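Engineer: Sequence and computational prediction follow.
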Amino acid sequence: KQWYQRRVRGMKWLLLVLLPLAYAKSEIVIAHGVIAASSKDSTAINKFCVTFNPDWFTTTYYFSEKTAPKYSFSTKEGLNGCQPITESYVNKSVVIVDTGSCSVVERSQRLVDAGAKLIVIARTEGTLNVTDVKESNFSTAPIVLINQNSYNSIINEREKAPIDLSFYSPVTKFDGNVILIYVICVFCIVVGSYWSLYPKDMKLSEIWTTTPKPPIRLTLQTSEDEADDQDSSKGSLLTNVLFGGVIVGIMAGMLLLLYFAYKYFVFVFMALFCVIASTGMYSIFFPIMAEIDCFHTRWQISFMKKQRYFAPCKIALWLACFLVTMVWFTLRHEYNIWPLQVFMGICVCLNIIKSVPLPNLKIIAIIMIMLFIYDIFFVFITPLFTKDGVSIMERVATGSSSNKQVFDAPSDYVPGEQIPLSIKVPYFQDTDYKYCMPIYGMIGFGDIVIPGLLTGYAAYFDTLAHPGTTKWYYIITCTSYAVGLIITYGALIGMGIAQPALLYLVPCCLLGIVGTALKRGELRAMWTGRAGVAAIQRIEDVDEE
């Protein structure tokens, strides 16, 4: 009872420390939108990507092309808004260039006084500073930024015929890709955890027909051995904390390396992905290929006066899997390659979940809580320190380094290198955000693998402590993950910003398994990885039979 109360008090203090972090927010707001240039009869419409800071203006902007008002386009060559404006721009949209020494605030005030309803700043070769604007709500007209190519295209359209400009920021609504990602994540958790109960080299037919045996990874001790638990618990806890700290420290170090030197390390991680994806596909296809008798054939060769054996079919399988990764690497910038990358990602997650055993709930909980803090810090806290207000996690996940994409006009989209360590599915619905960049939904491998280690341990504990009965720990932990993922996507859709999935998955999964263990009186056995004398006796009885 005292053991449980100490941990409850510890969790209370942890929650008090972490709650303020969940509300951390960056002061810099960067948003993307679309400018639609249409002829007067609306027969031709060209669309261009823009960036804007909604804190600059007081007017409510629109979310679709249909509702966005159109303003007649009017400008003159060299107009920058720094000189007194004598022309009338009442109910018009104005495009100005970024030359001159006056600020964004001064330019917008002159144009608003002249009646402008939409201000478009073209980034040409001027020196206008749009990054360090401290003022807010200084304009009643929306202010957006376009790049040089978009500006030239709008001017060319204007020379052909009068045009109207409308500005809106498309709303990314719920898309079917969320359902697909959800199914993939739950599939990996459910299948990978149960698959971990079987040996790696077992045939598929044997997996279907064989009852899982009690795992050997759990540390079993008799009641006499348990007498020493209290003496070693503090040292064991410290060792586990250090182990978890090393893992999280390595992950944080790799993330920072990618952030500060992305273009150098991105290919290192691509090579790593190709290797682990090849291994993952090999482990997935091995039980299927093992059904073929000749698959196990071994050839004998003499090498350095010694007899060596190798299995040509197994080597051929691994090479075929590696060839698949090379196909992905060659075509990685193609839009339609995403199903292959998703398949490779599924293989990676399944292989890690079924192949990485952890001995007890203690070490798993420590790692999950540390990664819980890690996720919160790199998503919610780091925007306070980055110059563009974008989190380190988001910057690395979307494939850009620390010195790119500060607030400015959008660059013409060019497919860049991205870290492939995530399940990434494009949006199925058509959205005008495509004029800025391809839109994907993604979830990192860690958001699948880390909870998967817990569900795998739950399945092992069920098999050992309650053989031949319903695997309640496994079922409840998988269900907790599924519920946590629903909460994650609910927060993502509701808040409209990227969410650290472990912020929701860790509490759901740990509360599910800990609550069940408490109700069944097995929390201590699960925490230490010991199922007790009764489980040992059952194993011995089975062996005698």
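Structural biologist: Everything's here; your move.
Engineer: Do a quick rundown of the strands in the stretch 351-500 of the chain.
Structural biologist: 422-426, 440-444 (DSSP state E, counting those that start in this stretch).
Engineer: what angle separates the first one from strand 440-444?
Structural biologist: Using axes from the mean of the first three to the mean of the last three CA atoms, to 10 degrees, the direction of strand 422-426 lies 170 degrees away from that of strand 440-444.
Engineer: Partner strands of strand 422-426 and their direction?
Structural biologist: strand 440-444 (antiparallel) (DSSP bridges).
Engineer: Can I get the strand it pairs with in PDB, CA atoms only?
Structural biologist: Written as PDB, here are the backbone C-alpha positions of strand 440-444 (Å, rounded to 0.1, in the frame of the first residue of the first chain):
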ATOM      1  CA  TYR A 440       0.000  15.100 -45.800                       C
ATOM      2  CA  GLY A 441      -1.200  13.600 -42.500                       C
ATOM      3  CA  MET A 442       1.500  11.800 -40.600                       C
ATOM      4  CA  ILE A 443       2.300  10.100 -37.400                       C
ATOM      5  CA  GLY A 444       5.900   9.200 -36.300                       C
END
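Engineer: average pLDDT across it?
Structural biologist: In this model, strand 440-444 has a mean pLDDT of 84.
Engineer: just to revisit the earlier point, and of the strands of the stretch 351-500 of the chain, who's closest to Ile184?
Structural biologist: strand 422-426 (5.7 Å; CB to CB). All C-beta atoms are positioned from the backbone trio N, CA, C, and that covers glycine.
Engineer: still on that earlier bit, will you turn the strands of the stretch 351-500 of the chain into TSV that also has mean neighbour count and distance to Leu502?
Structural biologist: TSV is the format used below for the strands of the stretch 351-500 of the chain (neighbours: other CB atoms under 10 Å; distance: least, CB to CB, whole Å):
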stretch	mean neighbour count	distance to Leu502
strand 422-426	21	14
strand 440-444	20	9
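Engineer: do you know which of the ones you listed lies nearest Pro162?
Structural biologist: When the strands of the stretch 351-500 of the chain are compared by CB to CB, strand 422-426 sits nearest Pro162, at 36.8 Å.
Engineer: what does that closest one rub up against?
Structural biologist: 177, 180-181, 184-185, 335, 338, 341-342, 345-346, 349, 397, 438-445, 448 (CB atoms under 8 Å, 6 or more residues apart in numbering).
Engineer: mean confidence score for that strand?
Structural biologist: 88.
Engineer: and that strand, how far out from the chain's middle?
Structural biologist: 9 Å (CA atoms, centre = their mean, to the nearest Å).
Engineer: now swap in stretch 206-215 and tell me
Structural biologist: 34 Å.
Engineer: same question, stretch 58-78
Structural biologist: 34 Å.
Engineer: Likewise for stretch 155-165?
Structural biologist: With CA atoms, centre = their mean, you get 41 Å for stretch 155-165.
Engineer: could you dump the strands of the stretch 351-500 of the chain to a markdown table with distance to Lys434?
Structural biologist: Shown next, in a markdown table, are the strands of the stretch 351-500 of the chain (distance: least, CB to CB, whole Å):
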| stretch | distance to Lys434 |
| --- | --- |
| strand 422-426 | 10 |
| strand 440-444 | 11 |
